[in-house]
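Visitor: Take this sequence and fold it.
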Amino acid sequence: MIHINTKNLTSKLYLLGILILVIPMLIASITENGFSSISTKIFLSTSFTLILIGKILSTIKRKKANENIAIDIGLILGILTTIISNLIR
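Guide: Next up is the predicted model:
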């Protein structure tokens, strides 16, 4: 199996996900104009997907280290539920 330095990758995925979420919010609050509904869904879905991928990678790493992953699985299911409900609406 290929070894990937998941610490750096997960940190970058979390940071990118947060930036994709925060930057449009700042732009909307500064310009006092909102984004269209489709743009908002794209920003939210992309951000949550990047955070979800980072969480999955960190969970795999914790599983290999024989650590408890119950909370991580709960977070993954919660984020996945949020993504699906956001896309359905």
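Visitor: who's in contact with the most centrally placed residue in the chain?
Guide: Central residue of the chain (C-alpha atoms, centre = their mean): Ile51, 1.9 Å from the mean position. Applying C-beta atoms under 8 Å, 6 or more residues apart in numbering, one finds that Ile51 lies in contact with Leu13, Tyr14, Gly17, Ile18, Ile79. Backbone N, C-alpha and C define where each C-beta goes, glycine included.
Visitor: export these to TSV and tack on pLDDT and secondary structure?
Guide: Compiled in TSV, the contacts of Ile51 are given as follows (pLDDT from 0 to 100; DSSP: H, G, I helix; E, B strand; the rest coil):
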residue	pLDDT	secondary structure
Leu13	93	helix
Tyr14	93	helix
Gly17	94	helix
Ile18	95	helix
Ile79	91	helix
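Visitor: how about a markdown table for these, with distance to Lys61 and neighbour count added?
Guide: Shown next, in a markdown table, are those (distance: C-beta to C-beta, whole Å; neighbours: other C-beta atoms under 10 Å):
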| residue | distance to Lys61 | neighbour count |
| --- | --- | --- |
| Leu13 | 13 | 21 |
| Tyr14 | 14 | 16 |
| Gly17 | 18 | 20 |
| Ile18 | 20 | 13 |
| Ile79 | 17 | 17 |
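Visitor: how about the residues you listed, which pair is most distant?
Guide: Spatial extent of these (C-beta to C-beta) is set by the pair Ile18 and Ile79 at 13.2 Å.
Visitor: Apart from its chain neighbours, what residue comes closest to Ile83?
Guide: Phe48 (4.9 Å; C-beta to C-beta, 6 or more residues apart in numbering).
Visitor: how many neighbours does that neighbour have?
Guide: 19 (other C-beta atoms under 10 Å).
Visitor: go on, Ile56?
Guide: Ile56: 18 neighbours (other C-beta under 10 Å).
Visitor: Might one say that it is in contact with Ile76?
Guide: Yes. Under the criterion of C-beta atoms under 8 Å, Ile56 makes contact with Ile76 at 6.3 Å.
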